[in-house]
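Visitor: I would like to see how this sequence folds:
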Amino acid sequence: MSEQGMNRRQLLASAAAVGGLSMGLSLVPTGASAASSAANRGRRAEATWENIIEKSSFSSSTAFNKEWNHLYPWDGGADMHNGAARMHAGQVSLAQGVLTLTATRLAAPDGNSTHSPYAPLWYRSGAVHAKEQILINDQFPEYDIEGEFRTNTGQGIWPAFWTTGVWPAWPPESDILEYVGDSTNLFNTRNSDGNGGEIVERETVSGHDPDAWHKYRVWMTKEGDDVLVDYYFDGVWKATHRGVGWAGIPQSLIINLQMGSWASGIEPGDPGWDEQPGPAADTYFRARNVWVGRTRAW
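Guide: The predicted structure follows:
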């Protein structure tokens, strides 16, 4: 990691401690980091800070409908994904500033997913995506995305808070919250390997209770044609990844509760694939205070 990257992390970590950058403010680092951070501070001072999604967007149906849409943000958004749940708006609810996605197991599968690995759809669940797309470029060089979440975890449970390239562009993909069948969060950054596959840069966070409220955050900053991706858990910096060639590619922000498939610990052809092991009782994924801001350079 370059000295610039290290100083950037120090700046963000100190700002997170007091909520400074969430209001578009820059904090001045001390010691050796001060000189090399001056250019960043100057650029931010010249930029205008914009709130894209307010923390109040789950306070009412009116506020929700202003900022969010139901389902995934692509054609076939009900079930064109890699799990065993078909998404329904009726599985999404709002109460006291909290968004709740509920996954319910069915008595029999509702067909199969239309996306590989074509899992039997044993669940009804919920997904929402932001109406405003994320576009990191010279005009909007920095994005701050955060939220507080709590979720059931365990076999068959696959919640996520993530960004992905607007269909059909993929990658980019940044997984800010992702639990795949256990209680370890995965901070994933997915890049192309140039041959139709992917390279995954991953940082894991374990040893906490996902069914208590925790804060998940990503700070994205343009660096040439790439995007630097800083991940935070409960205000603590965990990793910096690089999104190769991400600059200028629109992304969607998604909250979804997927089920089954790889979260069940099985693959097509394995014993139990047709049954999609997972919870028989309802599963819940809750979100509050989700917020997105960005800098505008002109």
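
Visitor: Helix or strand: which one has residue 102?
Guide: strand 98-105 (DSSP states H and E).

Visitor: all helices of this structure, in order?
Guide: Using DSSP state H, the helices of the chain run over 3-18, 33-46, 61-67.

Visitor: CA atoms only for the last one, dumped as CSV, please.
Guide: Yep, that's helix 61-67 we're talking about. Output of helix 61-67 as CSV, limited to C-alpha atoms (Å, rounded to 0.1, in the frame of the first residue of the first chain):
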residue,chain,number,x,y,z
SER,A,61,-43.5,4.4,2.5
THR,A,62,-43.3,7.9,0.9
ALA,A,63,-39.6,8.2,1.9
PHE,A,64,-38.9,4.7,0.7
ASN,A,65,-40.5,5.2,-2.7
LYS,A,66,-38.5,8.3,-3.2
GLU,A,67,-35.2,6.5,-2.9
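
Visitor: Give me the contacts around that helix.
Guide: Residues outside helix 61-67 that contact it (CB atoms under 8 Å, 6 or more residues apart in numbering) are 53-54, 56-58, 94, 99, 130-132. (Glycine included, C-beta is placed from N, CA and C.)

Visitor: Nearest residue to residue 232 in space, please, no chain neighbours.
Guide: residue 217 (4.0 Å; CB to CB, 6 or more residues apart in numbering).

Visitor: Next, count neighbours for that neighbour.
Guide: Counted with other CB atoms under 10 Å, residues neighbouring residue 217 total 25.

Visitor: Among the helices of the chain, show the one with the smallest mean pLDDT.
Guide: Lowest mean pLDDT within the helices of the chain: helix 3-18, at a mean of 37.

Visitor: just the strands in the stretch 51-200 of the chain please.
Guide: Ranges of strands within the stretch 51-200 of the chain are 68-70, 85-87, 92-95, 98-105, 123-125, 127-130, 142-151, 157-165, 173-178, 185-192, 198-205, based on DSSP state E, counting those that start in this stretch.

Visitor: Name every strand pairing with the first one and say which way it goes.
Guide: I take that to be strand 68-70. Taking DSSP bridges as the criterion, strand 68-70 forms sheet pairs with strand 127-130 (antiparallel).

Visitor: which of the strands of the stretch 51-200 of the chain sits most buried?
Guide: The highest average neighbour count among the strands of the stretch 51-200 of the chain, using mean count of other CB atoms under 10 Å, belongs to strand 85-87 at a mean of 29.

Visitor: related to what we said a few turns ago, hmm, which two among the contacts of helix 61-67 are most spread apart?
Guide: Among the contacts of helix 61-67, the pair separated by the greatest distance (CB to CB) is 94 and 132, at 18.9 Å.

Visitor: and the strand holding residue 102, what does it pack onto?
Guide: Counting contacts by 3 or more CB pairs under 8 Å, 6 or more residues apart in numbering; DSSP states H and E, strand 98-105 is packed against strand 92-95, strand 123-125, strand 127-130, strand 251-259, strand 283-296.

Visitor: how about a markdown table for those strands, with distance to residue 148 added?
Guide: Converted to a markdown table, the helices and strands packed on strand 98-105 look like this (distance: least, CB to CB, whole Å):
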| stretch | distance to residue 148 |
| --- | --- |
| strand 92-95 | 15 |
| strand 123-125 | 20 |
| strand 127-130 | 16 |
| strand 251-259 | 12 |
| strand 283-296 | 5 |
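
Visitor: Which one, of those strands, ends up nearest to residue 202?
Guide: Closest approach to residue 202 among the helices and strands packed on strand 98-105 (CB to CB): strand 251-259, 18.1 Å.
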